[in-house]
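**Student:** sequence first, then the predicted structure:
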Amino acid sequence: AYIGEIVVNGTPKSLGAVGDAPSPVDPIVPSITPEHCQKKKSLKQIFDHEGPEAFAAAVRKNEGLLITDTTWRDAHQSLLATRLRTIDML
């Protein structure tokens, strides 16, 4: 809530802000036409339909950057590690 308040209304004068609140900026959203879309299978589709060997080959063949988001996994592991008793795991 605090960050949203600051983004929308600017920093309060009581916290030492000087000058006007930030001016609103309307983002420029590019239009994407179907001819710019690729008809290529995603890595998830390759894994689901062709199996792990085809997935591994597709990953090795890829020339772009591949990113795996582990935020959810790591956060839940931390929750388990700090809030789960050993007796509850047995």
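**Tutor:** On my side now, so go ahead.
**Student:** quick one: low-confidence ranges for this protein?
**Tutor:** Within the chain, the stretches with pLDDT under 70 are 21-22, 34-38, 72-74, 89.
**Student:** where do the helices sit along it?
**Tutor:** Counting by DSSP state H, the chain has helices at residues 2-9, 43-50, 52-61, 71-83, 86-89.
**Student:** give me the distance from the first one to the chain's centre.
**Tutor:** Taking Cα atoms, centre = their mean, to the nearest Å, one finds the center of helix 2-9 at 21 Å from the center of the full chain.
**Student:** so which residue is smack in the middle of the chain?
**Tutor:** The chain has D69 as the residue nearest its centroid, 6.8 Å off, counting by Cα atoms, centre = their mean.
**Student:** distance of that one relative to A75?
**Tutor:** D69 sits 11 Å away from A75, going by Cβ to Cβ, to the nearest Å. All C-beta spots, glycine's among them, are computed from the backbone N, C-alpha and C.
**Student:** go on, R85?
**Tutor:** For R85, the distance to A75 under the criterion Cβ to Cβ works out to 19 Å.
**Student:** more neighbours: which of these two?
**Tutor:** Neighbours per residue (other Cβ atoms under 10 Å) separate R85 from A75, with A75 holding more: 10 against 7.
**Student:** ok, so what distance separates that one from A81?
**Tutor:** Following Cβ to Cβ, the distance that separates A75 from A81 is 11 Å.
**Student:** cool, and T33?
**Tutor:** The gap separating T33 from A81 is 48 Å, by Cβ to Cβ.
**Student:** and F55, by the same measure?
**Tutor:** The spacing between F55 and A81, counted by Cβ to Cβ, is 30 Å.
**Student:** between these two, which is the more surrounded one?
**Tutor:** When neighbours are counted by other Cβ under 10 Å, F55 comes out ahead of the other of F55 and A81, with 17 against 8.
**Student:** residues in contact with the more buried one?
**Tutor:** F55 sits next to L43, I46, F47 when contact means Cβ atoms under 8 Å, 6 or more residues apart in numbering.
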